[in-house]
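**Q** turn this into a model:
(one chain, ligands or ions: 1)
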Amino acid sequence: MKSLKFIILVLILGTTNSIQAQDWLIKRSVWGSTDSVNADYEHTIEYITIHHGGEIYPDDKNTLEYLKNLQIWSRNSKNWIDVPYHYIVDRHGKIYEGRPLKYRGDTNTTYDPTGHALIVLLGNFEEQELKQEQINSLKTVTAYLADLKSVPSKKIKTHKDYAETLCPGKKLSAYLETPDWQVFLQTTTEN
Ligand SMILES: [Zn+2]
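**A** You can find the predicted model right below:
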């Protein structure tokens, strides 16, 4: 009986702390987001797709300001409903909430992002080093999404798997080929 109570407690706390509470997530309201509402963009997540920001991102850049400006640019210059990505990871591994997950993302390239949960790691990984804090946070978001949407490992890929692009850059691409990431995928997803 004692052990059963313990198991139930672990289930409740484990779920609440790591998955549902998302205490690792910096919400849209914190970076000054305004809402986007558009039923035409609603989709069902089947894939997790990894990107790099594509521009050199200094470690000390203010990501709250960056996201606010990215939202304004996305709406005014691109006519998108919001920032193009669902989750944004800065150089310190901080994870920010982007476009609401229920809305499909946007892209400057030729693939259709419908059904894709889009994660971006800020930086240009053709040139900049990938930081361990970013890898750790990529794992946090990927594990969360794979569990939430039952995404199998074979549907967790990168932008260049779908479109003509260098994204997510050679250094992040190289990391995703390592045993560290492959073992993570195998142990995280149900397949
Ligand atoms: Zn990309």
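**Q** enumerate the residues of the chain near the ion.
**A** When proximity is defined as C-beta under 5 Å from the ion, the chain approaches the ion at 51, 159, 167. In short, each C-beta sits where N, CA and C put it, glycine included.
**Q** how about the residue most central in space within the chain: which residues does it bridge to?
**A** Nearest to the mean C-alpha position of the chain, by C-alpha atoms, centre = their mean, lies Ile119 at 2.4 Å. Note on Ile119: beta-bridge partners by DSSP bridges are Ile50, Tyr87.
**Q** tell me which stretches of this protein form strands.
**A** Under the criterion DSSP state E, the chain carries strands at the ranges 25-26, 47-52, 87-89, 95-97, 116-121, 156-158.
**Q** could I get the ones you listed as TSV with mean pLDDT?
**A** Below are the strands of the chain laid out as TSV (pLDDT from 0 to 100):
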stretch	mean pLDDT
strand 25-26	97
strand 47-52	98
strand 87-89	98
strand 95-97	98
strand 116-121	98
strand 156-158	98
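**Q** who's in contact with the nearest residue to Glu46 once chain neighbours are set aside?
**A** Leaving aside its chain neighbours, Glu46 sits nearest to Gly115 (4.4 Å; criterion: C-beta to C-beta, 6 or more residues apart in numbering). For Gly115, the contacting residues are 43-47, 104, by C-beta atoms under 8 Å, 6 or more residues apart in numbering.
**Q** could you rerun that using 7 Å?
**A** For Gly115, the contacting residues are 43-47, by C-beta atoms under 7 Å, 6 or more residues apart in numbering.
**Q** buried ones among these?
**A** 43, 45, 47 (16 or more other C-beta atoms under 10 Å).
**Q** the first one touches Arg104, doesn't it?
**A** Yes - His43 lies in contact with Arg104 (C-beta atoms under 7 Å); the separation is 4.3 Å.
**Q** wait, what's in contact with the closest residue to Val141 other than its chain neighbours?
**A** Residue nearest to Val141 in three dimensions, not counting chain neighbours: Tyr87, with 4.9 Å by C-beta to C-beta, 6+ apart. Neighbour list for Tyr87: 95, 97-98, 119, 141 [criterion: C-beta under 7 Å, 6+ apart].
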